[in-house]
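Participant: from the sequence below, what's the structure:
(one chain, ligands or ions: 1)
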Amino acid sequence: MHSTSPSVNIDPASCVGCGTCTRICPSDILSLENNTARAAPDTDTARCLQCGHCMAACPKNAITIPAQNPDLLDFATFTMNHAWLPPGKALPTQYLARLICSRRSCRHYRQTPVEKQKLTDLIKLAVFAPSGTNSQAWSFTCLSSRPEVLALGQSIKDFFERLNKKAENFLLRKSLALIGAKTLDHYYTNYYESVKTAMEQMEKENRDRLFHEAPAVILIGSSPGATCPKEDALLAAGNILLAAHTMGLGTCLIGYAVAAMSEDSSIQKQLGIPESETIHAAVALGYPDETYQRITGRKQPTIRFQ
Ligand SMILES: Cc1cc2nc3c(=O)[nH]c(=O)nc-3n(C[C@H](O)[C@H](O)[C@H](O)COP(=O)(O)O)c2cc1C
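Facilitator: Numbering: from 1, shown residues only. I've put the predicted structure just below:
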């Protein structure tokens, strides 16, 4: 190998010195030397994002990124064509638009378990989301049976029961607000009543108002080293929501689960998730027990052209 670095390998026998990789590299670590691409000396390759743009663009397939796991491109539940889709050339926009607009938050699920292979394929698709500085520091914790989902739901319910008890205390709320800690007062004004009603319903009707009876949940977290952990997690979640729809699955983001886990570290501990990770998204999944007749609209957003 002419140029081997911890992050990029370039095979000089295959490289034709076309410069495609040097132009596309976002970190400018590649250059041409004697008509062959090379990575900057090791000291500079710390800048390499290992994004694989060079590998994807090379017309001679002369580049490999050792950190990339090619198995993530092999799916158990469908076959995948690995050829890159050029913008505007392949998937008609109306198909994607229909998919985007047809995904709805599902709040009625069949009790059919979600196959682990499908959950794995969804996670493989999740990690093709962009991530800040390509850190890809995601963690995915799958709860793939109803008892596991119920146990998590119980811990979250216990958390909200304790929180509602605290929020009922007028003096505590107001004295905290006086010293600038307004979170409890804000919670009381905005969420207390609906959480109380939901918990009463859960109790009386034995109905899972938190995960909507979903048989599976994927918790998306960040491992240490993520530069934009929350954004990365939500982008990964976006991939899961859309891909799940194509696989016949309904999904719903469960913000209440994330809120409880961010306040009560014991919930994360019970699940065996290391303390160093933070959960940013909880996706309930299952085969939907609801159908819709049509795609509907959205509120008018603020749009500006300047
Ligand atoms: C960050 C976030 C948290 C959410 N949390 C919940 C939740 O805890 N429970 C729930 O039923 N829906 C939850 N939702 C779903 C929203 O209510 C839903 O996306 C919104 O009403 C629009 O409906 P649609 O997803 O069907 O288009 C959440 C959505 C987001 C983006």
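Participant: C15: neighbour count?
Facilitator: By other C-beta atoms under 10 Å, the residues close to C15 number 20. From N, CA and C alone the C-beta is placed, and that goes for glycine too.
Participant: ditto for the one 3 residues further on
Facilitator: C18 is flanked by 16 other residues according to other C-beta under 10 Å.
Participant: ditto for the one 10 residues further on
Facilitator: D28 is surrounded by 11 other residues when neighbours are defined as other C-beta under 10 Å.
Participant: use 5 as the first number from now on
Facilitator: New numbering, starting at 5: the last item is D32.
Participant: show me what contacts Q72?
Facilitator: Residues near Q72 by C-beta atoms under 8 Å, 6 or more residues apart in numbering: 54, 56, 59.
Participant: and if we set it to 6 Å?
Facilitator: G56 (C-beta atoms under 6 Å, 6 or more residues apart in numbering).
Participant: just confirm it is within a helix.
Facilitator: No. Per DSSP: H, G, I helix; E, B strand; the rest coil, Q72 lies outside any helix segment and is coil.
Participant: so how far is stretch 87-105 from its chain's centroid?
Facilitator: Computed by C-alpha atoms, centre = their mean, to the nearest Å, the chain-centroid distance of stretch 87-105 equals 21 Å.
Participant: scratch that, stretch 160-176
Facilitator: The answer for stretch 160-176 is 30 Å, by C-alpha atoms, centre = their mean.
Participant: what pLDDT, on average, does that stretch get?
Facilitator: Rounded to a whole number, the mean pLDDT of stretch 160-176 is 96.
Participant: what about it and the ligand, touching?
Facilitator: No. Judged by C-beta under 6 Å from any ligand atom, stretch 160-176 and the ligand are separated, with a smallest distance of 10.0 Å.
Participant: element containing the nearest residue to A171 once chain neighbours are set aside?
Facilitator: Of all residues not flanking A171 in the chain, Y192 sits nearest, at 4.3 Å (C-beta to C-beta, 6 or more residues apart in numbering). Using DSSP states H and E, Y192 falls within helix 187-194.
Participant: for the next helix or strand after that helix, buried residues please.
Facilitator: The C-terminal neighbour of helix 187-194 among helices and strands, as given by DSSP H and E, is helix 196-209. Going by neighbour count (16 or more other C-beta atoms under 10 Å), the buried part of helix 196-209 is 196, 199, 202-203, 206.
Participant: kindly report the same for stretch 241-258.
Facilitator: 241-249, 251, 253-258.
Participant: narrow the residues you listed to those in helices?
Facilitator: 241-249 (DSSP state H).
Participant: would you reformat the residues you listed as CSV and include distance to the ligand and pLDDT?
Facilitator: What follows is these, written out as CSV (distance: C-beta to the nearest ligand atom, whole Å; pLDDT from 0 to 100):
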residue, distance to the ligand, pLDDT
A241, 8, 98
G242, 9, 98
N243, 14, 98
I244, 13, 98
L245, 8, 98
L246, 12, 98
A247, 15, 98
A248, 12, 98
H249, 11, 98
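Participant: to what extent is M265 buried, counted in neighbours?
Facilitator: When neighbours are defined as other C-beta under 10 Å, M265 has 24 of them.
Participant: pLDDT check: weakest of the buried residues of helix 196-209?
Facilitator: The minimum pLDDT among those falls on M206, with 87.
Participant: spell out which residues sit in contact with that residue, please.
Facilitator: With C-beta under 6 Å, 6+ apart, M206 has these contacts: R213.
Participant: now with 10 Å?
Facilitator: Going by C-beta atoms under 10 Å, 6 or more residues apart in numbering, M206 touches 157-158, 161, 212-214.
Participant: please apply the same query to V262.
Facilitator: Contacts for V262 (C-beta under 10 Å, 6+ apart) come out as 160, 223-225, 234, 237, 282-286.
Participant: need the residues of this structure near the ligand, please.
Facilitator: Residues of the chain lying near the ligand (C-beta under 6 Å from any ligand atom): 108-109, 111, 256-260.
Participant: which among the residues you listed gets closest to E172?
Facilitator: Y260 (18.4 Å; C-beta to C-beta).
Participant: now the closest one. Nearest residue, chain neighbours left out?
Facilitator: L214 (6.1 Å).
Participant: between the buried residues of stretch 241-258, which is nearest F144?
Facilitator: Using C-beta to C-beta, I244 is the member of the buried residues of stretch 241-258 that lies nearest F144, at 9.1 Å.
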